[in-house]
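K.L.:
Please find the sequence and the predicted model below.
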Amino acid sequence: MTFRVDCHVKVLDDRVVERAKQAGLDALVYAPHFTRLPEIRERTAAYSDDELLVIPAREVFTGTWRNRKHVLALGLEEPVPDFIPLETAMAEFERQDATVLVPHPTFANVSLERSDLEAYAKTIDALEIFNPKHFPMHNRRARTLGEAFSLPPITSSYAHLPRTVGVAHTAFETPIESEADLVTALRDGVARRVVYKSGLNRWATTATELGHLVYENTWEKVDRLFLSGTEPTHPEHIAYDGRFDDEAVY
């Protein structure tokens, strides 16, 4: 028996759920940017049903805009803000005994590099070896890094657009009925297969998602950086009770 999980999506609505079910997925991991954990949990609960499990996660935006690194965390019990140093985020994940995944390694300027993997290999539970936004050389490099550091593989659609959901998933050889089950499967290195589509449709998906990435990294996100202290996941937001005020990079 296999349990098919899209390990990272950015969008969640009725279209996403319908597309996931049509693709034969059993679960989605929902981790939108700049959204606090309680809101993510509330939204995943609203869209989960007997056919599709939707699991909350946080892709934390660490570092500055010029030197940012994304890290995906599951099983968090307390919120972790964006715009903090990588070492602060990783220490907080370790304190909470969260499951830590590496999305799109070494991709552009938004990812963990080889030196980061060397530093935090013992904290990391899995590394994404296929991402539909990547070109073949990026996916080959990710696979090589996973093997070099003996990190179990995952994949995801990394969907920022509903049409991308279902193009890739990780098939675990164990039943997963809850967030805790997935956290345990990832932490214990349960056997799994990385499954993804190829061909012209896949390349159309890559082109569309890359176009969206360009948009996201120009007007939309740059504008957010000037909302210092008001962004919901800014470390100086009142929701964090001052715990991260001294760690804020903005």
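P.N.:
Nice, thanks for sending it over.

K.L.:
and for stretch 39-46, what are the contacting residues?
P.N.:
Stretch 39-46 is contacted by residues 12, 30-32, 54-58, 232 when judged by CB atoms under 8 Å, 6 or more residues apart in numbering. The C-beta positions use only the backbone N, C-alpha and C, and glycine is treated the same way.

K.L.:
and A45, what element?
P.N.:
helix 37-47 (DSSP states H and E).

K.L.:
for the helix or strand that that helix is followed by, what is the average pLDDT?
P.N.:
Using DSSP H and E, the helix or strand that follows helix 37-47 in sequence is strand 53-56. What strand 53-56 shows for mean pLDDT is 98.

K.L.:
Give the partner strands of strand 53-56 in its sheet and their orientations.
P.N.:
With DSSP bridges as the test, strand 53-56 is paired with strand 27-30 (parallel).

K.L.:
circling back to that earlier point, give me the buried entries from the contacts of stretch 39-46.
P.N.:
12, 30-32, 54-58 (16 or more other CB atoms under 10 Å).

K.L.:
got a markdown table for those, with distance to L117 too?
P.N.:
Listed next are the buried ones among the contacts of stretch 39-46 as a markdown table, based on distance: CB to CB, whole Å:
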| residue | distance to L117 |
| --- | --- |
| L12 | 29 |
| Y30 | 25 |
| A31 | 20 |
| P32 | 25 |
| V54 | 29 |
| I55 | 24 |
| P56 | 25 |
| A57 | 20 |
| R58 | 20 |
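
K.L.:
returning to what we had before: can I get the helix holding A45 in CSV, CA atoms only?
P.N.:
Extracted as CSV, the C-alpha positions of helix 37-47 are listed here (Å, rounded to 0.1, in the frame of the first residue of the first chain):
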residue,chain,number,x,y,z
LEU,A,37,0.7,28.9,11.6
PRO,A,38,-2.8,29.3,13.3
GLU,A,39,-4.3,30.5,10.1
ILE,A,40,-2.7,27.7,8.1
ARG,A,41,-4.0,25.1,10.6
GLU,A,42,-7.5,26.6,10.4
ARG,A,43,-7.5,26.5,6.6
THR,A,44,-6.1,23.0,6.3
ALA,A,45,-8.8,21.7,8.7
ALA,A,46,-11.5,23.3,6.6
TYR,A,47,-10.3,21.6,3.4
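
K.L.:
Could you pull out the buried residues of that helix?
P.N.:
Buried residues in helix 37-47, defined by neighbour count with 16+ other CB under 10 Å: 37, 40-41, 43-44, 47.

K.L.:
Columns distance to F130 and pLDDT on top of those, output as CSV?
P.N.:
Converted to CSV, these look like this (distance: CB to CB, whole Å; pLDDT from 0 to 100):
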residue, distance to F130, pLDDT
L37, 27, 96
I40, 24, 98
R41, 28, 98
R43, 26, 98
T44, 24, 98
Y47, 25, 98
